[in-house]
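*Asks:* Below is the sequence, then the predicted model.
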Amino acid sequence: MSGPYLILILFLAILFIVIATAKFKLNPFLALILASYLLAFAAFMPSDKIAGIITQGFGNTLTNIGIVIIAGVIIGTILEKSGAAIKMAETIIKLVGEKRPTLAMSIIGYIVSIPVFCDSGFVILSSLNKALAKKTKTSLVAMSIALSTGLYATHVLVPPTPGPIAAASNLKLDNLLLVILIGMLVAIPAMIAGNIFANKVAAKYESNFNENVSYEEVLKKYGTLPSAWKSFAPIVVPIVLMALGSIAKFPGEPFGQGFIFKLFIFLGTPVNALLIGMLFAFLLLPNLNSETLNSWIGEAMKDSAIILIITAAGGSLGNVIKEIKVGDYLGQALSSLNLGIFLPFIIAAAIKTAQGSSTVSLLTTSALMLPLLPSLGFTSDIAKALVVMAIGAGAMTVSHANDSYFWVVSQFGGMDVKTAYKTQTIATLLMGIVTIITVFILSLFLI
């Protein structure tokens, strides 16, 4: 088969995913699986091998990141329901000061959305957001955009949020700590851009909320909040363990090759580190009873199941793309255009803007990029990490009416649709541009 034909059917497969999810509201899992079959048949794959290739991609993805995603979702659920997310917010406010409330909300969002989905994070912190806006006499729209952009930055760039984990897995990048560290760095300019926009532009708009919410009422909802160390431990401990595991592998053998080396390698494996973080999250449980052990954990398992099947379906599509070898031709054609690190950004931004889901954008684009990496020269771990960041930059560009997060921010932030487009949508466009510029600058020095 000719290269142009393979590119055509690949384009049609992507178009099918976009139209099916955006226009016909088909579940992303079904859209991805159907696209995998359609692409396989269109590429004239042997019919007796199609099912095996699709299920292999599905299973391999679950093998690589299944437990990591489940542990991450459990941690996020416990942080939400125990009040630990509010405690983290309180701690940051004390450090930043009430005179800079939008900066406080940006930083809070940046931290909370590392383990918690941005939608959930915004809902969790919306009462606190309103109370602080009232207490500091700050525009609620400005506070909401500061919070939403802080949450959004780490949501698309920093594991253990499932999107960037899945993207790293699709690109065969096993060094999750590297993705976390690069992601936390790249997310800072994005967060700052969102904060500046909140102060300079969003602050000009008024919320349509008139309710009176006191800070004390927010705290009453949770009763006694957990301590700061218990609240931060489920996030910080896994990062530290993965850092130690990575250091143990450094040339020069800083920990030798004995027991300490083996211990840090074991504890620093992402699956083990996240499970240990989950154990620290259990310290936040107010009681060991059926409500916490069954209801809370059960809810997390249901949430993670949805994420897992969509992520694994993305792996199926990726495996089909790999087998038809469209990447060999596409890589040669695109590499001649010298798009470099901007290529994954452009693809991800097109998918995100068209169908609304950042996670689907991350999954689909990373699956498309894997066969292109060698011809584009992105074969090292650091190069792959920057490709994940470029995809993440595209996956935040832009949030509008087809994105559930757009409606969460507008509804809980007291904005009408017109105001939300002028604030949330433009803010995410600015964030995407700032992020890809940051990634490009890093690529000049690191690749």
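*Replies:* Cool, got the structure.

*Asks:* Looking at residue 120 now. What's its pLDDT?
*Replies:* pLDDT recorded at residue 120 is 81.

*Asks:* And for it, the neighbour number?
*Replies:* Look at residue 120: counted by other C-beta atoms under 10 Å, it has 20 neighbours. Glycine gets a C-beta too; all of them are placed from N, C-alpha and C.

*Asks:* which ones are touching the nearest residue to it once chain neighbours are set aside?
*Replies:* Distance criterion C-beta to C-beta, 6 or more residues apart in numbering; nearest residue to residue 120, sequence neighbours excluded, is residue 80 at 6.2 Å. Counting by C-beta atoms under 8 Å, 6 or more residues apart in numbering, residue 80 makes contact with 116, 120, 124.

*Asks:* Domains in the chain, by residue range?
*Replies:* 3-226+284-446, 229-283 (automatic domain parsing).

*Asks:* looking at those, which is buried most?
*Replies:* Across those, averaging neighbours per residue (mean count of other C-beta atoms under 10 Å) puts domain 3-226+284-446 on top, at a mean of 21.

*Asks:* what's the helix or strand harbouring residue 21 in contact with?
*Replies:* Element membership for residue 21 (DSSP states H and E) is helix 3-22. With contacts defined as C-beta under 8 Å, 6+ apart, helix 3-22 is touched by 26-28, 30-32, 34-35, 38-39, 42-43, 317, 321, 324-326, 329-330, 333, 351, 354-357, 360, 364, 368, 402.

*Asks:* Which other helices and strands does the following helix or strand past that helix contact?
*Replies:* Moving toward the C-terminus from helix 3-22, the next helix or strand (DSSP H and E) is helix 28-42. Helix 28-42 is packed against helix 3-22, helix 47-82, helix 297-324, helix 358-369, with contacts defined by 3 or more C-beta pairs under 8 Å, 6 or more residues apart in numbering; DSSP states H and E.

*Asks:* quick one: least confident helix or strand in the protein?
*Replies:* Ranking every helix and strand in the chain by mean pLDDT, DSSP states H and E puts helix 326-335 at the bottom, with a mean of 66.

*Asks:* my guess is residue 446 meets residue 386, correct?
*Replies:* Yes. Between residue 446 and residue 386 there is a contact under C-beta atoms under 8 Å: 6.7 Å.

*Asks:* follow-up on the earlier one: got the angle between the helix holding residue 21 and helix 297-324?
*Replies:* 160 degrees (axes from the mean of the first three to the mean of the last three C-alpha atoms, to 10 degrees).

*Asks:* State the distance from residue 225 to residue 87.
*Replies:* 4 Å (C-beta to C-beta, to the nearest Å).

*Asks:* can you list residues touching both of these two?
*Replies:* residue 231.

*Asks:* so is residue 142 in a helix, a strand, or just coil?
*Replies:* helix (DSSP: H, G, I helix; E, B strand; the rest coil).

*Asks:* Identify the residues contacting the nearest residue to residue 315 once chain neighbours are set aside.
*Replies:* Excluding the flanking residues, the one nearest residue 315 by C-beta to C-beta, 6+ apart is residue 61, at 2.9 Å. Contacts for residue 61 (C-beta under 8 Å, 6+ apart) come out as 166, 169, 170, 311, 312, 314, 315, 316, 318.

*Asks:* so what's the nearest residue to the first one once chain neighbours are set aside scoring on pLDDT?
*Replies:* It refers to residue 166. Using C-beta to C-beta, 6+ apart and skipping the chain neighbours, the partner closest in space to residue 166 is residue 311 (4.5 Å). On the pLDDT scale, residue 311 is placed at 80.
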